[in-house]
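**Student:** I would like the atomic coordinates for the input below:
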Amino acid sequence: MDTTLWLVALPLEGGSAENTWNILQQKTSRENDLSANFKFNLPELRVGTLDSLLALSDDLVKVSSLVAGTTQKIRRHIMESASAEGENEVNAELVVDGISAERFLTAFTWDEAKHPARRPLRETMERLQESVAKIEDDFRVKTGDLASAKTQLGALSRKAAGSLATRDLGEIVQDSDLVNTENLTTLCVAVPKYNQKEWLDTYETLAQFVVPRSSKLINEDGEYALYTVTLFRRVVDAFNTAARENSFQVREFSLDAEAVQAKIAERNDLERDIKERRTSMYQWCQTSYGEVFGAWVHVCAIRLFVESILRYGLPPSFQACVMKPQKRSEKKLRGILANTFGQGASSHWSNSDDDKGEEAFPYVSFSIEI
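**Tutor:** Numbers count the residues shown, from 1 in each chain. Now for the predicted structure:
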């Protein structure tokens with residue numbers, strides 16, 4: 001089941017991050033039990049100029065959306081694959097750096113080795129975007145290859161498992177069912193099931209030189225029964241015409257044992273290939289999910305920092321945290337946050353400031369779906 005957490009940055013109350021944290025805990029957890037809260041640890045990131053932050057803010061929204069999209073695609077594939085194998089979502093655990101995705105977010109630590117805090121924020125954002133774009137490309141190729149193999153198998157399976165009026169008869173008719181001599185031949189006829197009695201009563205009269213009592217039931221499905229009939233070769237055309245006029249469908253068929261075995265081998269190879277691809281794809285997705293989710297949280301961290309500087313000013317003076325709302329408490333929780341921390345918003349902010357297409361609040365906030 002999807003879990004939505006809020007990543008928020010609140011203005012400092014009384015100039016103290018610890019005081020702000022205590023107020024948040026008191027209002028939302030101790031008094032009302034509306035959410036579980038976790039401090040979100042941000043390093044001292046490089047600020048840059050106001051113009052650079054404004055431009056970066058717009059780009060971060062787009063990049064965050066793209067990275068979130070890739071994360072959710074991979075997550076969805078993992079869950080669908082687990083469901084197809086009979087597992088539930090609990091068993092299809094999503095792991096990031098050896099811990100659950102939720103734990104990674106609520107106990108977030110900035111990866112200083114990969115993303116030095118003093119590196120320009122735009123450069124860090126672009127590197128994160130590039131790494132996720134490569135995974136997105138790999139995901140597209142792998143899913144495309146898997147879909148292509150499934151399409152091939154589907155085409156072969158339809159030929160082998162369709163109606164008796166259309167399907168390949170190679171795996172149904174055996175050599176022992178057929179008579180083929182210089183003068184005699186055996187035809188395969190698809191007879192509508194409601195017409196079986198008529199077939200048995202009339203097939204010997206559809207042409208001259210039909211071998212009496214030669215018709216045998218070979219197979220049947222929901223619509224048709226497949227019969228064989230033996231007759232002289234010289235009356236085949238006349239028999240075909242008469243059969244068609246009576247709604248009996250003579251199937252063009254010649255037994256080729258090698259071709260039949262080749263088709264069976266091809267189908268088995270495709271089934272084996274698809275199973276291997278599914279297993280490989282599932283394992284790749286579990287690994288890649290950790291990478292893209294980690295990148296997404298780092299992009300969100302940069303975005304939270306930039307939005308907070310633009311909202312609250314310099315020097316950085318805000319408390320960043322992750323909030324996990326209780327079910328059906330979101331509206332009340334938003335009201336408490338607005339009443340408690342809304343006065344710290346910049347005088348330039350208003351409810352109409354929604355030019356990024358997101359819901360606006362008098363504090364920095366956006367959601368992460370796990």
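**Student:** for residue 291, what are phi and psi?
**Tutor:** Dihedral pair for residue 291: phi -70, psi -50, per degrees, to the nearest 10.
**Student:** what is the burial count for it?
**Tutor:** 18 (other C-beta atoms under 10 Å). From N, CA and C alone the C-beta is placed, and that goes for glycine too.
**Student:** ignoring the adjacent residues along the chain, who's closest to it?
**Tutor:** Spatially, and ignoring its direct neighbours in sequence, residue 291 is nearest to residue 135 (6.3 Å; C-beta to C-beta, 6 or more residues apart in numbering).
**Student:** wait, the one you found sits on residue 69?
**Tutor:** No - assessed by C-beta atoms under 8 Å, residue 135 is found out of contact with residue 69, at 11.8 Å.
**Student:** flag the shaky bits of the chain, pLDDT-wise.
**Tutor:** Low-confidence regions of the chain, defined by pLDDT under 70, span residues 1, 85-92, 344-359.
**Student:** name all residues that make contact with the residue nearest to the spatial centre of it.
**Tutor:** In the chain, the residue lying closest to the centroid (C-alpha atoms, centre = their mean) is residue 77, at 3.4 Å. By C-beta atoms under 8 Å, 6 or more residues apart in numbering, residue 77 lies in contact with 139, 143, 281, 282, 285.
**Student:** am I right that it sits in a strand?
**Tutor:** No - Residue 77 is assigned helix when assessed by DSSP: H, G, I helix; E, B strand; the rest coil, not a strand.
**Student:** so it versus residue 8, what's the distance?
**Tutor:** According to C-beta to C-beta, to the nearest Å, residue 77 stands 30 Å off from residue 8.
**Student:** residue 338 now?
**Tutor:** Using C-beta to C-beta, residue 338 is found at 11 Å from residue 8.
**Student:** do the same with residue 236
**Tutor:** 82 Å.
**Student:** higher neighbour count, those two?
**Tutor:** residue 8 (24 against 14).
**Student:** can you mark which positions in the helix or strand that contains the more buried one are buried?
**Tutor:** Assigned by DSSP states H and E, residue 8 falls within strand 4-11. For strand 4-11, the neighbour count (16 or more other C-beta atoms under 10 Å) marks 5, 6, 7, 8, 9, 10, 11 as buried.
**Student:** over to stretch 243-260?
**Tutor:** Quick answer for stretch 243-260 (16+ other C-beta under 10 Å): 243, 248, 249, 250, 251, 253, 255, 260.
**Student:** no further questions, thank you.
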